[in-house]
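**Q** quick one: sequence plus predicted model below, questions after.
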Amino acid sequence: MEEKNFKILFRDKNSFARVTEFKTKSGLLTTPLFLPVGSSGVVKTLCYKELEELGVEAFISNTYHLYFRPGIDVLKQFGGLHKFIHWNKTIFTDSGGYQVYSLRELRNIKEEGVEFKSYIDGSLHFFTPEKVVELQHIIDSDIAMCLDECVEYPVEYERAKRSVELTTLWAIRSKKKFEEIKLKEPNFQLLFGIIQGSVYKDLRKQSLEQILDIDFDGYAVGGVSVGEPKELLYEIVDFISQYLPQDKPRYLMGIGEVEDIWYCIGKGFDIVDCVLPTRNGRNGQALTSYGKVNIKNAKYKTKDEPIDPECSCMVCKNYSCAMIHHYFKSGELLALRLLSYHNVHFMINLFYRIRQAISENKFPLEQKKFLDKYNSCQD
């Protein structure tokens, strides 16, 4: 990414938090930025009009899932995912590297790439770094990710070391294929490298140095929030943040807990993504100014108040706790949509608040103020 396409707007004087903007082919993004997850090209239960209403600037889809459904031939016919779903804002695509971790029973890792067994019909499909770049080119996402190997926690040192070596090898091959495609078909797609290394600082440093040497448009940190204790997550975030370049976007993958978001942005990360708002919403949990609410609990059966009295979203204006409780208990699909909508609204508003705190040099103060209230009444 050329420097003119990335700009730091504000730096908080009391932390490492920053507000930045960078250009994608679908528009200008402002960070700190939260990406709702739409693995198959849709943020579960929400339509694209609702995402626009909520102020969602971008979401992340998954190359592995899109490859199987709707299928790469379908997306090619439509001219990419944007045109297929009629969405004109930014789309990130993960490479399928997370599925190397999450679908361990369905994959076989080799130096050449990863062999996946289809979760649909059991057929075998081989994903190389080059193929994954080609697939993301057809998907026509704004920001593509290199194929990487995300390992579980706990993991032995030697296993994590092999993962770093493989991730670097795949990153080199990904960048080469990416440049070849751009020469033939110039476009403004961006490619991010991913740093691995589990909880081992020397491996994280090794991975970071090797990925930086390849020179990507932005840098993501993967292999976090995969089961490790929170203190280890924070330790790795602290360690790696000091070595990331200042002039490129910094993306911490898979972070969605509110406390973790404040912490990681305070260390200088710009972008996070997580399924938490929609997944938890579909299971009956709402994010509120005063903490997490399990709307299925009996105490909400007759509560004639909004989930969050301080929230201005459509759900809190029009539906009481008792109504939503009833919908969940009755198995009504509307319940899933309402809490997903509300939770995404909560998250987008949280990031607006964080940006404002940074621009006013009040990040630590607002962090404490917000979390003191947020932790005051957990169900």
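**A** Okay, I see it.
**Q** drop to CA atoms for contacts and neighbour counts, all remaining ones
**A** Noted.
**Q** report the contact partners of residue 57.
**A** 29, 89-90 (CA atoms under 8 Å, 6 or more residues apart in numbering).
**Q** out of these, grab the one that's most surrounded.
**A** residue 90 (21 neighbours; other CA atoms under 10 Å).
**Q** ramachandran coordinates for the residue lying closest to that residue once chain neighbours are set aside?
**A** Counting by CA to CA, 6 or more residues apart in numbering, residue 90 lies nearest to residue 58, which is 4.6 Å off, once chain neighbours are set aside. Per-residue torsions, residue 58: phi -160, psi 160 (degrees, to the nearest 10).
**Q** pretty sure residue 58 is touching residue 93, no?
**A** No. Applying CA atoms under 8 Å as the test, residue 58 and residue 93 come out as separate, 10.7 Å apart.
**Q** of these two, who's got more company?
**A** Neighbours were counted for residue 58 and for residue 93 using other CA under 10 Å; residue 93 has more, 26 against 23.
**Q** okay, the more buried one: pLDDT?
**A** Note on residue 93: pLDDT of 98.
**Q** for it, helix, strand, or coil?
**A** Using DSSP: H, G, I helix; E, B strand; the rest coil, the structure places residue 93 in strand.
**Q** tell me the contacts of it?
**A** 60-63, 136, 141-145.
**Q** give me the domain ranges for the protein.
**A** Domain ranges of the chain: 3-274, 282-374, per automatic domain parsing.
**Q** low-confidence stretches in this structure?
**A** 1-3, 100-101 (pLDDT under 70).
**Q** residue boundaries of the strands in the stretch 251-379 of the chain?
**A** 271-274, 285-288, 291-294 (DSSP state E, counting those that start in this stretch).
**Q** so what touches the last one?
**A** Strand 291-294 has contacts (CA under 8 Å, 6+ apart) with 284-287, 307, 373-379.
**Q** then stretch 199-212?
**A** 157, 160-161, 164-165, 168, 171, 193-198, 232-233, 236, 239-240, 243-244.
**Q** CA atoms of it as PDB?
**A** In PDB, the C-alpha atoms belonging to stretch 199-212 read as follows (Å, rounded to 0.1, in the frame of the first residue of the first chain):
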ATOM      1  CA  VAL A 199       2.400 -17.800  22.500                       C
ATOM      2  CA  TYR A 200       6.200 -18.100  21.900                       C
ATOM      3  CA  LYS A 201       7.700 -14.600  21.700                       C
ATOM      4  CA  ASP A 202      10.800 -15.700  19.700                       C
ATOM      5  CA  LEU A 203       8.600 -17.300  17.100                       C
ATOM      6  CA  ARG A 204       6.300 -14.300  17.000                       C
ATOM      7  CA  LYS A 205       9.400 -12.100  16.400                       C
ATOM      8  CA  GLN A 206      10.700 -14.500  13.700                       C
ATOM      9  CA  SER A 207       7.300 -14.600  11.900                       C
ATOM     10  CA  LEU A 208       6.900 -10.800  12.100                       C
ATOM     11  CA  GLU A 209      10.400 -10.100  10.700                       C
ATOM     12  CA  GLN A 210       9.900 -12.600   7.900                       C
ATOM     13  CA  ILE A 211       6.500 -11.300   6.900                       C
ATOM     14  CA  LEU A 212       7.600  -7.700   7.000                       C
END
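**Q** one step back: buried subset of the contacts of strand 291-294, written for ChimeraX?
**A** To isolate the buried subset of the contacts of strand 291-294 in ChimeraX, counting by 16 or more other CA atoms under 10 Å, use the following:
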select :284,285,286,287,307,374
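**Q** same list, the contacts of strand 291-294, but as CSV with distance to residue 122 please.
**A** Converted to CSV, the contacts of strand 291-294 look like this (distance: CA to CA, whole Å):
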residue, distance to residue 122
284, 33
285, 34
286, 36
287, 38
307, 43
373, 48
374, 45
375, 45
376, 48
377, 46
378, 42
379, 41
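**Q** which two among the contacts of strand 291-294 are spaced furthest apart?
**A** 284 and 373 (21.1 Å; CA to CA).
**Q** circling back: the strands of the stretch 251-379 of the chain into a markdown table, with extra columns for distance to residue 14?
**A** Formatted as a markdown table, the strands of the stretch 251-379 of the chain follow (distance: least, CA to CA, whole Å):
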| stretch | distance to residue 14 |
| --- | --- |
| strand 271-274 | 20 |
| strand 285-288 | 27 |
| strand 291-294 | 26 |
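**Q** of all these, which lies closest to residue 217?
**A** strand 271-274 (13.8 Å).
**Q** can you list contacts of that closest one?
**A** Counting by CA under 8 Å, 6+ apart, 31-37, 60, 249-256, 261 sit against strand 271-274.
**Q** at 10 Å what do you get?
**A** 30-38, 59-60, 220-221, 249-257, 261, 264-265 (CA atoms under 10 Å, 6 or more residues apart in numbering).
**Q** from those residues, which land in helices?
**A** Under the assignment DSSP state H, these contribute 261, 264-265 to helices.
**Q** which one among the residues you listed gets closest to residue 315?
**A** residue 261 (23.9 Å).
**Q** how many neighbouring residues does the closest one have?
**A** 22.
**Q** relative to residue 144, how far out is the closest residue to it other than its chain neighbours?
**A** Distances taken as CA to CA, 6+ apart put residue 255 closest to residue 261, at 6.6 Å, once the chain neighbours are dropped. Per CA to CA, to the nearest Å, residue 255 is found 19 Å from residue 144.
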